[in-house]
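Enquirer: Sequence first, predicted model second:
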Amino acid sequence: MDTLRIAGGQVLRPDATIEDADVLIDRDAGTILDIGAGLDADADATLDAEGCLVTPGLVNAHCHVAMTLLRGYADDKPLDTWLREDIWPAEAALTPEDVRVGAELGLVEMIKSGTTSFADMYFDVPEIVDAVEKSGLRARLGHGSVTIGKDEADAWDDIEESIEVAREFDGAADGRIRTAVMPHSLTTVGEEYLREAAVEAHDSDVPVHYHANETSDEVGPIVDDRGERPLAYAQDLGMLTERDFLAHGVHVDDEEISLLADAGTGVVHCPASNMKLASGMAPVQKMLDAGVTVGLGTDGAASNNDLDMFDEMRDAAMLGKLAADDASAVAAEDVVHMATAGSAAAIDLPGGALEVGGVADVAVIDLDAPHLTPANDLVSHLAYATRGSDVRHTVCDGQVLMRDREVLTLDESAAMDRASDAIAALCERV
Ligand SMILES: CSC[C@H]1O[C@@H](n2cnc3c(O)ncnc32)[C@H](O)[C@@H]1O
Ligand SMILES: [Zn+2]
């Protein structure tokens, strides 16, 4: 057996306690063999974690990873205007190679900030599959379909593509890649297409993932046209089941929160995107109190503007308190749970906890920094004070993806150069 030892750190356990311990990993199986003090000093390889906090790799449960290319391309507009005036025209001009380049840059960014798995909705998914395979990360990927503004044949083609992509790539990269059928939202995809997407997804044993209840502009027309709230509509469409997960859930009322809790549908909270686009404040504490599975996501880098899940934890805690008008709401331990086990449960990927027998998806955080001193409470530091750049090593599926801040699976500087060239060329075209 080929083993890796993460040695000498403080380990965050699933009950949010912290213990001085080594983590011993079976690199062939990609799983954790043992957690405890003084483990096998003869391991085949060692990662030094002295002075470090060893945590589960973070799980970014809603993202558009290739949108790193559009970081800073269009800012300071509300969602609908931003998408229609800037983002969709730019995306229409992206080539598959651009998507590949944007994805590689985003994957580097994730690895460098301790994220080990993510869920992603975009197009040209085969490019993203290849990039994820090379990166060593774990992901749930899907093709995002939009049917509004298309004739019937094109609309069905787009839905078919989402279903085909989900079938073709589920289990790729030795099982690190799983898929979902991903209709973009309840307002940008027509009813008959949504219904078919849900049936085909569940027949293929994969979830449906979509944007929902993100802005009040989107909720109003559904209520006016259908006489029911968006999540009652989603339930009627068969896309509010235990396996499905939705992004945002900002404008959800108490009945919709009960629907989510009863159905077991995951909600991915994206606080930075919701603040930047002024979409609103999700009632996160209410959802947690009701027993909804809540994960955390960055959304795309054009509405965030980075893929750092530490920023997202801090934003979630701050915004959650403001939304609840209660400083005790959405506490440090809650956001750490949301960014790890909550996200993993929402998108149904392994990980999110350091447990013997569980997958070896790990982030090692260097605590030797002024902003992490004094080390009064390391869970508090994770939620409020740590930055992605404090991550020293990243391990996914037992493989070291970053050692001492050097990304081993992708070429960081080439990814940056290619992205700069790609966006310059894109700006010439649009
Ligand atoms: C058709 S692939 C996914 C699609 O989603 C767009 N997008 C990015 N951020 C958001 C958001 O916050 N709400 C809705 N849609 C979003 C992205 O630009 C792609 O076109
Ligand atoms: Zn999104």
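Expert: Noted; the coordinates are in hand. Ligands and ions are numbered 1, 2, ... in the order given.
Enquirer: Could you give the bridge partners of Ile177?
Expert: According to DSSP bridges, the partner residues bridging Ile177 are Ala139.
Enquirer: now it: how far from ligand 1?
Expert: According to C-beta to the nearest ligand atom, to the nearest Å, Ile177 stands 17 Å off from ligand 1. Backbone N, C-alpha and C define where each C-beta goes, glycine included.
Enquirer: do Ala363 as well
Expert: With distances defined as C-beta to the nearest ligand atom, the gap from Ala363 to ligand 1 amounts to 25 Å.
Enquirer: For that residue, what is the enclosing helix or strand?
Expert: Secondary structure here is read from DSSP states H and E; on that basis Ala363 sits in strand 362-366.
Enquirer: Now do that strand: everything it contacts.
Expert: The set of residues external to strand 362-366 that reach it, using C-beta atoms under 8 Å, 6 or more residues apart in numbering, is 6, 9, 23, 25, 47, 49, 51-58, 114-116, 354, 382, 386, 390-396.
Enquirer: Mind checking which of these are buried?
Expert: The neighbour-count test (16 or more other C-beta atoms under 10 Å) marks 6, 9, 23, 25, 47, 49, 52-58, 114-116, 354, 382, 386, 390-396 as buried among the contacts of strand 362-366.
Enquirer: Looking at the residues you listed, which are in helices?
Expert: Using DSSP state H, no member of those falls in helices.
Enquirer: buried residues in stretch 137-155?
Expert: Judged by neighbour count (16+ other C-beta under 10 Å), stretch 137-155 contains these buried residues: 137-147, 155.
Enquirer: For ligand 1, state which of those is nearest.
Expert: Ligand 1 lies nearest to Gly144 out of the buried residues of stretch 137-155, by C-beta to the nearest ligand atom, at 2.6 Å.
Enquirer: So that closest one: helix, strand or coil?
Expert: Going by DSSP: H, G, I helix; E, B strand; the rest coil, the secondary structure assigned to Gly144 is strand.
Enquirer: rewinding a little: and the buried residues of stretch 137-155 as JSON lines, adding distance to ligand 1 and pLDDT?
Expert: Converted to JSON lines, the buried residues of stretch 137-155 look like this (distance: C-beta to the nearest ligand atom, whole Å; pLDDT from 0 to 100):
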{"residue": "Leu137", "distance to ligand 1": "19", "pLDDT": "99"}
{"residue": "Arg138", "distance to ligand 1": "20", "pLDDT": "99"}
{"residue": "Ala139", "distance to ligand 1": "15", "pLDDT": "99"}
{"residue": "Arg140", "distance to ligand 1": "14", "pLDDT": "99"}
{"residue": "Leu141", "distance to ligand 1": "11", "pLDDT": "99"}
{"residue": "Gly142", "distance to ligand 1": "9", "pLDDT": "99"}
{"residue": "His143", "distance to ligand 1": "7", "pLDDT": "99"}
{"residue": "Gly144", "distance to ligand 1": "3", "pLDDT": "99"}
{"residue": "Ser145", "distance to ligand 1": "7", "pLDDT": "98"}
{"residue": "Val146", "distance to ligand 1": "5", "pLDDT": "98"}
{"residue": "Thr147", "distance to ligand 1": "11", "pLDDT": "98"}
{"residue": "Ala155", "distance to ligand 1": "13", "pLDDT": "98"}
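Enquirer: ok, back up a step: of the buried ones among the contacts of strand 362-366, which are in range of ligand 1?
Expert: Residues shared between the buried ones among the contacts of strand 362-366 and the neighbourhood of ligand 1: none [C-beta under 6 Å from any ligand atom].
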